[in-house]
Structure formats: structure tokens, C-alpha cells
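Enquirer: Have a look at this prediction, sequence included:
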Amino acid sequence: MTETPASALSRIGWRGEIPASDSGTDHRRIARVVAQHRAGYELHDGEHAFTAQPAPRFLKPGIDPGDRPAVGDFVWISNAVPPTIEQVLPRRSTLSRSAAGERHLRQVIATNIDTVMVVCGLDGDFNPARIERYFVLIEGSGAKAVVVLTKADLAADAQAMTDQLKARMPAGTEIHAINAKTGFGVDALLAHLGPGSSTVLVGSSGAGKSTLTNTLLGEARQSTQAVRANDSRGRHTTTYRSLIMLPSGGCLIDTPGMREVKLTGDESFDGGQFDDIEELAGECRFGDCSHLAEPSCAVRAALDDGRLDPERWHSYLKLRDELAAAAESLEAQLRRKSESRVLTKALGKRLDEKYGRH
């Protein structure tokens, strides 16, 4: 294997100069992770796709899952046969969520992305509160959030639904209503899918991510299935994350449908999605106002006169409380991990003093 030229790496989203290998050897090169399977990783160097195995250190039980190679990563690989992933290069952006379960372990969804397209169907899948949750998750990832409302042909009034969502989103949020099957409205997305760009699609099963991917590809490469009639939910036709090179020159990462969009505890409301509510809260007479029955509560007044949508208020409260709980759990988990390291180090020192270092 020879070193991959920068022109080839640019086809898979690489930007800038190729860094010099810090291993003291030229027997490795850069590739990008395009898929992860149980049996290993699939990589692409801009010219060829191939499989690779992670170095043993990535398989250690105690390693943070976020430190392992993920779809979208640029990695140094050995020129051995078969190649081995030796090092993950610094990420310019990382989209992650908290994995299912009680422990707040970070699950990386995609890395080195420029845009996150939140895909939601204009059928029974339409859920502004869920889209707000995605925006909180995306805030701080380093990527831009864009809303893609699919199945515009199934909506009685797609424009009214778009306007409803726009009223709940931060000012300037891009919202596009499309029909991925016919291609209606898809051209508006191409501004984010040009050469050198990387975009990830997120959303529920059946929202239309794979159909949109096929339309952008110009061929039916991703499997699709009909959704259930009673609730517009789909099956997991996409079972793993995969990066695909588009004819437009960009890279697109399709992901399995998410049943749960769980916050990690590192998120914030700095993206402006709830600026109006926080400004109202700042106008209350009491700084510790609970917005329940206190006099001169600006939030209650806005709810009473219709300036603040009750559903939006409840969505804010739910996300605020969940974020606080996740942050507290994450802090406790990190504290326990730190204490465990200190105890292990102290135990090792005592054993060395008693039995000597071997």
C-alpha cells in the first residue's frame, strides 16, 4: 500500500494538509471509517473501500466508548495485511447521545460532520418536541442543524405544519418540506452536500432517511419499508451507520432510526432554542420563581394570554430537568471513576512496598 494522495482524501471529506505520521515510520496511511460491524470496520481512502481491525488497545474493557473509532473518523492505519486502525485523528465535530440504560455512557453517532439533518415525516411521525430534543443534542457538537420534513405529499397542509415548527425553532433555522420519493424540494438540501462536506441524517425509523439517501444517490441502494398505518412508525431497515459518497461530491451518513434521544449531560440551551422562555423567566418578580403561583410571574402571564405555547413550555421543562439529572449522573460517574483510579494506584503502591516491584 502507498500513501493516499490529498486529492483522494478530499473525496471522502478530508480538509487541509495531510499530517506527518507521529509514529516515526512511513508504514501507515490515512483512511476514513465508513461503517462499523461486529466483525470489524469498513474504511475508505478515497479510492478503495476495504476492511480493517482496531488495534488491541481499542478493545480494552475500561476504555471510554467515545475514544474508539466511529463512523466519520479519519484514522491512521497500518500498511499491514489486513490493515489495523492504529490511531484516531482529532475530530472537528462529534455528534453523540447517551446510550440506553442507567449509566450515562456516551455513544458516538458520527464525527467530522458539518451538518446534521433532522428528518421527520409530515405524517404521524411529526413531533416538534422531539425535534427540539434533537436540537439540544446537536448544540455543542460543532455541526449545523437543519430540519428536513419528509412526506410532504401526505400532509393536509404542509406549509401550516412547517410554520408551526418554525415558531418553536431558533430564528434562522432551516426547515425544508420535501417529498423524497419524487424529489420535490430535495434540491434545497444540495447546498449542504457539496464537495468536501459531510452530513449525517438522524430521525425515527420510517421518517424517510433511507428514501432520501436513495434519491440523493440516484439509485435504490438503501433498503426501505412501508411504515405502520396506525402510528407511521417504521422498522429498522437501516441497521448500522454508514458513510456514502454522493454524486454531488459530499459525504452522507445514514443512521438507524432512534427510538430514544437521550441527553448526555454535556448539552446546553446555548443554541437559542428556548431564548424566549428564558427571557420571560428573567422578567419574573422573584429570581427563584417556580412559575407556579407566585405573583408577577412573567411566564404564567405569557401562558395565560397565549404568547407562550403550553406544549412548548412543557417541552422546555422536561428537557431542562432531564439535562440537569443527566449532568448530575455524569458528574457522579466521573467522580466514582476518578476515586477508583486513586484507590487502584494506592493499592498498587502498598503492594510494591510490601512485596517489591517486579
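Expert: Nice, I can see it. Numbering: from 1, shown residues only.

Enquirer: make it CA atoms for all contacts and neighbour counts henceforth
Expert: Fine.

Enquirer: quick one: Arg312 and Asp266, what's the gap?
Expert: 22 Å (C-alpha to C-alpha, to the nearest Å).

Enquirer: no, scratch that, I was asking about Gln53
Expert: 30 Å.

Enquirer: tell me the SS of the nearest residue to Pro195 once chain neighbours are set aside?
Expert: Closest residue to Pro195 apart from its sequence neighbours, by C-alpha to C-alpha, 6 or more residues apart in numbering: Gly249 at 4.0 Å. Look at Gly249: counting by DSSP: H, G, I helix; E, B strand; the rest coil, its state is coil.

Enquirer: residues near Gly249, how many?
Expert: 18 (other C-alpha atoms under 10 Å).

Enquirer: so who does it touch?
Expert: 11, 193-197 (C-alpha atoms under 8 Å, 6 or more residues apart in numbering).

Enquirer: For those residues, which entry has the maximal number of neighbours?
Expert: Going by other C-alpha under 10 Å, Ser197 tops these with 23 neighbours.

Enquirer: so what's it closest to, chain neighbours aside?
Expert: That would be Gly250: by C-alpha to C-alpha, 6+ apart, it lies 4.8 Å from Ser197.

Enquirer: Any idea how many residues pack against that neighbour?
Expert: 22.

Enquirer: now the helix or strand where Leu137 lies, how far from the chain's geometric center?
Expert: Here Leu137 sits within helix 128-138, counting by DSSP states H and E. With C-alpha atoms, centre = their mean, to the nearest Å as the basis, helix 128-138 stands 11 Å off its chain's centre.

Enquirer: Tell me the buried residues in it?
Expert: 128-138 (16 or more other C-alpha atoms under 10 Å).

Enquirer: same deal with stretch 55-68?
Expert: Here stretch 55-68 shows 55, 58, 65, 68 as buried, counting by 16+ other C-alpha under 10 Å.

Enquirer: got a list of contacts for it?
Expert: 69, 84-86, 88, 105-108.

Enquirer: Just flag the most distant two among those residues.
Expert: Thr84 and Leu105 (25.6 Å; C-alpha to C-alpha).

Enquirer: So which residues of the stretch 201-350 of the chain form strands?
Expert: Assigned strands in the stretch 201-350 of the chain, in chain order: 242-245, 251-254 (criterion: DSSP state E, counting those that start in this stretch).

Enquirer: Against which helices or strands is the first one packed?
Expert: This means strand 242-245. Contacts defined by 3 or more C-alpha pairs under 8 Å, 6 or more residues apart in numbering; DSSP states H and E place strand 242-245 against strand 28-37, strand 251-254.

Enquirer: Can you give me the distance of Glu219 to Thr211?
Expert: Applying C-alpha to C-alpha, the value for Glu219 to Thr211 is 10 Å.

Enquirer: ok, those two, which is more surrounded?
Expert: The residue with more neighbours, out of Glu219 and Thr211, is Thr211; 22 against 10, by other C-alpha under 10 Å.

Enquirer: How about the backbone phi and psi for the residue nearest to Pro195?
Expert: Backbone torsions for Gly249, taken as degrees, to the nearest 10, come to phi 100, psi -10.

Enquirer: And it, how far from Ile12?
Expert: Distance from Gly249 to Ile12, by C-alpha to C-alpha: 9 Å.

Enquirer: Quick check: neighbours shared by the two?
Expert: What both Gly249 and Ile12 touch, as defined by C-alpha under 8 Å, 6+ apart, is the set Gly196.

Enquirer: Contacts for the host helix or strand of Glu86, please.
Expert: Under the criterion of DSSP H and E, Glu86 resides in strand 84-88. Outside strand 84-88, the residues within contact range by C-alpha under 8 Å, 6+ apart are 52-55, 68-69, 73-78.

Enquirer: okay, now Leu308: neighbour count?
Expert: When neighbours are counted by other C-alpha under 10 Å, Leu308 comes out with 17.

Enquirer: That one is in contact with Ala302, isn't it?
Expert: Yes - the pair Leu308 / Ala302 is scored as a contact, 5.2 Å apart, by C-alpha atoms under 8 Å.

Enquirer: how about Val146, what does it touch?
Expert: 115-118, 173-175.
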